[in-house]
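> have a look at this prediction, sequence included:
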Amino acid sequence: QVQLVESGGGSVQPGGSLRLSCASSGFIFSNYDMFWYRQAPGKEREWVARILSSGGTDHSLEDSMKGQFTIARDNAKSMVYLHINGLKPEDTAVYYCNTVIWTSGSKYEYWGQGTQVTVSA
């Protein structure tokens with residue numbers, strides 16, 4: 001079965017950096033686009049970045065996130081990463097890995113359990 005397992009979160013000071021990881025299994029990783037989302041306390045989940053199966057990337061253009069995030073993938077390891085620079089308290093959130101798989105005409109969306117990022121002085 002499809003599994004996505006995030007790791008790499010933690011508590012950091014403002015201005016710090018983190019690399020989040022998502023280990024994927026149960027599907028042909030290299031064939032699928034991968035996504036990162038985040039959900040801050042009391043807010044809706046929001047899209048952060050995606051990386052296509054081809055390696056092309058898109059990152060959120062929200063002012064609060066512009067220029068901070070870099071998504072990358074390692075198909076040999078079935079891993080997707082999210083590098084976060086210049087962390088701010090408002091980046092405090094649970095960060096989730098996501099993929100969408102179409103099978104027999106049906107869409108299946110998969111989420112990891114999330115990894116907590118806390119930014120405070």
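Sure thing, it's come through. Only a predicted model underlies this, so the values are computations on that prediction, with no experimental measurement involved.

> hey, let's count contacts and neighbours off CA atoms from now on
Noted.

> beta-bridge partners for the residue nearest the centre of the chain, please?
Central residue of the chain (Cα atoms, centre = their mean): W36, 2.5 Å from the mean position. Beta-bridge partners of W36, counted by DSSP bridges, are A49, C97.

> tell me the pLDDT at it?
We have a pLDDT of 98 for W36.

> that one contacts V94, doesn't it?
No. W36 is beyond contact range of V94, at 10.5 Å (criterion: Cα atoms under 8 Å).

> can you name every helix or strand that the lowest-mean-pLDDT helix or strand in the chain contacts?
The least trusted helix or strand in the chain, going by mean pLDDT, DSSP states H and E, turns out to be strand 57-59, with a mean of 89. Using 3 or more Cα pairs under 8 Å, 6 or more residues apart in numbering; DSSP states H and E, the elements in contact with strand 57-59 are strand 46-51, strand 69-74.

> look up how far R50 lies from the most far-flung residue of the chain relative to its centre.
Here the centre of the chain is the reference, and by Cα atoms, centre = their mean the most remote residue is S104, at 26.5 Å. Look at S104 and R50: by Cα to Cα, to the nearest Å, they are 24 Å apart.

> what segments of the chain are strands?
Here the chain has its strands, by DSSP state E, at 3-7, 10-12, 18-25, 34-39, 46-51, 57-59, 69-74, 79-84, 93-103, 106-111, 115-119.
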